[in-house]
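J.: Output the structure for:
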Amino acid sequence: MSQDGYTLTPETTEIKPGEATDFRFSVIGPDGGPVTRYQTKHDKKLHFIVVSRDLGGFQHLHPELTGDGVWSVKLTLPEAGAYRAFADFAPEGGPDLTLGADLRAGGAYEPGQPPAPSRTSTVDGYTVTLDGDLIPGKSSRITLRVGRDGRPVTDLQPYLGAYGHLVALRAGDLAYLHVHPDGEPGDGRTQPGPEITFYAEVPSRGDYRLFLDFQHGGVVRTADFTLHAGQGAAPTPAPSTGPSEPGEHDH
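T.: Below is the predicted model:
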């Protein structure tokens, strides 16, 4: 929840499953007051990611800064259970940060397991396939290919400054990991599909969940994958729960 003197501070404490909640939070800076000025990163001043602890559910939201440093976003946690929220941002004059907080929707629930390894995802008639391997301790090239009705999609629309936005999370402790896009719209070389390429750097062996947001026909959709990183550096022990790793954030 804290890094480099900045702390993510939720103001909303009660969330009922299945009900839209005005979730409010602030970022407290090194001076003890709420941060009110942010850099624009990937077309937004703050990205808010919410995942279920079993990594089955994923939401990428964009809160509004309502004044006095308070952020507000409509959040629905679909079922009772434990969730993790990440605020990805950079204060003016400060570093890029990802701060996390645990959330809970009240009610009885049984913790689940992360989805089994899969390199293909189907969403709303689109099929997205993943090529590449995660190698601990190295920058790994990951290529996503988007198709629809058996044909490649070659007119993807920019979303958050790229043709896709990828979030990677480590199963177990839900560490939020570095993902870098290869190119951007308008750079003279990056094509609007069907392939979107990223570089991911994972610190340890184990299972990772990858979530790709892409836009086509004016609608943003999310494809999800599970990869196992099984070669490279020795594994870093990870607790079953805990905050995101300091200094690790999506690009």
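
J.: Okay, strands next: where are they in the stretch 1-150 of the chain?
T.: In the stretch 1-150 of the chain, the segments counted as strands under DSSP state E, counting those that start in this stretch are 2-3, 6-10, 21-28, 46-52, 58-61, 64-67, 70-75, 81-89, 97-105, 120-123, 126-131, 139-148.

J.: Any chance of the ones you listed in a markdown table with mean neighbour count and distance to residue 220 as columns?
T.: Backbone N, C-alpha and C define where each C-beta goes, glycine included. Shown next, in a markdown table, are the strands of the stretch 1-150 of the chain (neighbours: other CB atoms under 10 Å; distance: least, CB to CB, whole Å):
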| stretch | mean neighbour count | distance to residue 220 |
| --- | --- | --- |
| strand 2-3 | 16 | 29 |
| strand 6-10 | 19 | 25 |
| strand 21-28 | 18 | 20 |
| strand 46-52 | 22 | 13 |
| strand 58-61 | 17 | 8 |
| strand 64-67 | 12 | 18 |
| strand 70-75 | 18 | 16 |
| strand 81-89 | 22 | 17 |
| strand 97-105 | 20 | 21 |
| strand 120-123 | 14 | 11 |
| strand 126-131 | 17 | 12 |
| strand 139-148 | 18 | 13 |
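
J.: Columns mean pLDDT on top of these, output as CSV?
T.: Below are the strands of the stretch 1-150 of the chain laid out as CSV (pLDDT from 0 to 100):
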stretch, mean pLDDT
strand 2-3, 86
strand 6-10, 97
strand 21-28, 97
strand 46-52, 96
strand 58-61, 96
strand 64-67, 91
strand 70-75, 97
strand 81-89, 95
strand 97-105, 95
strand 120-123, 98
strand 126-131, 98
strand 139-148, 96
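
J.: Distance to residue 206 for those - can I get that in a markdown table?
T.: Shown next, in a markdown table, are those (distance: least, CB to CB, whole Å):
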| stretch | distance to residue 206 |
| --- | --- |
| strand 2-3 | 23 |
| strand 6-10 | 25 |
| strand 21-28 | 29 |
| strand 46-52 | 16 |
| strand 58-61 | 18 |
| strand 64-67 | 36 |
| strand 70-75 | 28 |
| strand 81-89 | 17 |
| strand 97-105 | 18 |
| strand 120-123 | 20 |
| strand 126-131 | 17 |
| strand 139-148 | 14 |
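
J.: My guess is residue 79 contacts residue 110. True?
T.: No. Using CB atoms under 8 Å, residue 79 is not in contact with residue 110; the gap is 10.4 Å.

J.: quick one, which of these two is more surrounded?
T.: Each of residue 79 and residue 110 has its neighbours counted (other CB atoms under 10 Å); residue 79 has more, 13 against 7.

J.: Please name the nearest non-neighbouring residue to the more buried one.
T.: Take residue 79 and drop its neighbours on the chain: the residue closest to it by CB to CB, 6 or more residues apart in numbering is residue 17, 5.3 Å away.

J.: so who does that neighbour touch?
T.: Residue 17 sits next to 77-81, 105-107 when contact means CB atoms under 8 Å, 6 or more residues apart in numbering.

J.: With residue 185 instead?
T.: Applying CB under 8 Å, 6+ apart to residue 185 gives the contacts 158, 161-163, 192.

J.: Just the buried residues of the residues you listed.
T.: Neighbour-count burial (16 or more other CB atoms under 10 Å) is assigned, among the contacts of residue 185, to 162-163.

J.: List just the nearest of the contacts of residue 185 to residue 128.
T.: Top of the list for closeness to residue 128, among those and by CB to CB, is residue 163 at 12.3 Å.

J.: show me the contacts for that closest one.
T.: Applying CB under 8 Å, 6+ apart, the residues near residue 163 are 156-157, 185, 190, 192-193, 196, 214.

J.: show me what contacts the spatially closest residue to it that is not a sequence neighbour?
T.: By the measure of CB to CB, 6+ apart, the closest residue to residue 163 outside its immediate chain neighbours is residue 156, 4.6 Å from it. Going by CB under 8 Å, 6+ apart, residue 156 touches 146, 163-164, 192-194, 196, 214-216.
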